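**Q** Quick check, what structure comes out for this input:
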Amino acid sequence: MAGMRARTKRLYAVGAAAILIVAAGFLASTALQRHADLFYTPQLLVERGMPEVGQRVRVGGFVAVGSRQNGDGPEILFTIEDGSGETVRVSYTGLVPDLFREGEGVVATGRFEAGTDVFRAEEILAKHDENYQPKELEGLSPTQTGT
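**A** Next up, the predicted model:
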């Protein structure tokens, strides 16, 4: 490289930088595709169709009032709705978050079972608004809670 002109050295440097940027973009894209979960509401599932069997997705909406049922052992069954009239039946085995209630927002991560329209959830996230307050602190003023 000692005998190269400055212009040629810059051209090689720009070329090497471009190759590194393309490689980094490819790696980031591959990693995001592998770990990204598509988000669906019941209405989107009807409009776009069901995802591939076994594909990990997230389904979100509100837990339909009166839909929660206890299954075998720690299994619970409930329905997610989004106000469009469409619903998704969810099966989840495990402990649900404290904020999980009928009529409240929920996001379930999991897969649809082959041959059925039941969504087998692996994880449940309960949503709350910015005014959330734990049951233990309900009725207390901010000065009593130490905030």
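**Q** Looking at this structure, which helix is longest?
**A** helix 6-35 (DSSP state H).
**Q** so which strand or helix has the closest residue to Q69 other than its chain neighbours?
**A** Spatial nearest neighbour of Q69, chain neighbours left out: L77 (4.6 Å); criterion: C-beta to C-beta, 6 or more residues apart in numbering. (Glycine included, C-beta is placed from N, CA and C.) Using DSSP states H and E, L77 sits within strand 75-81.
**Q** Output stretch 15-35 as CSV, nothing but the C-alphas.
**A** Provided in CSV are the C-alpha atoms of stretch 15-35 (Å, rounded to 0.1, in the frame of the first residue of the first chain):
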residue,chain,number,x,y,z
GLY,A,15,-15.4,-0.2,-0.3
ALA,A,16,-14.4,-2.0,2.9
ALA,A,17,-16.8,0.2,4.9
ALA,A,18,-19.6,-0.5,2.5
ILE,A,19,-19.0,-4.3,2.8
LEU,A,20,-19.0,-4.0,6.6
ILE,A,21,-22.3,-2.0,6.6
VAL,A,22,-24.0,-4.5,4.3
ALA,A,23,-22.8,-7.4,6.4
ALA,A,24,-24.0,-5.7,9.7
GLY,A,25,-27.4,-5.0,8.1
PHE,A,26,-27.8,-8.6,6.9
LEU,A,27,-26.9,-9.9,10.4
ALA,A,28,-29.3,-7.6,12.1
SER,A,29,-32.1,-8.5,9.7
THR,A,30,-31.6,-12.2,10.2
ALA,A,31,-31.6,-11.8,14.0
LEU,A,32,-34.8,-9.7,14.0
GLN,A,33,-36.6,-12.1,11.7
ARG,A,34,-35.7,-15.1,14.0
HIS,A,35,-36.8,-13.3,17.2
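**Q** Can you give the contact residues for the strand holding L77?
**A** 42, 59-64, 67-71, 87-93, 96, 102, 106, 108, 119 (C-beta atoms under 8 Å, 6 or more residues apart in numbering).
**Q** filter those residues to the buried ones?
**A** Buried subset of the contacts of strand 75-81 (neighbour count, 16 or more other C-beta atoms under 10 Å): 42, 59-64, 68, 87-88, 90-92, 96, 106, 108, 119.
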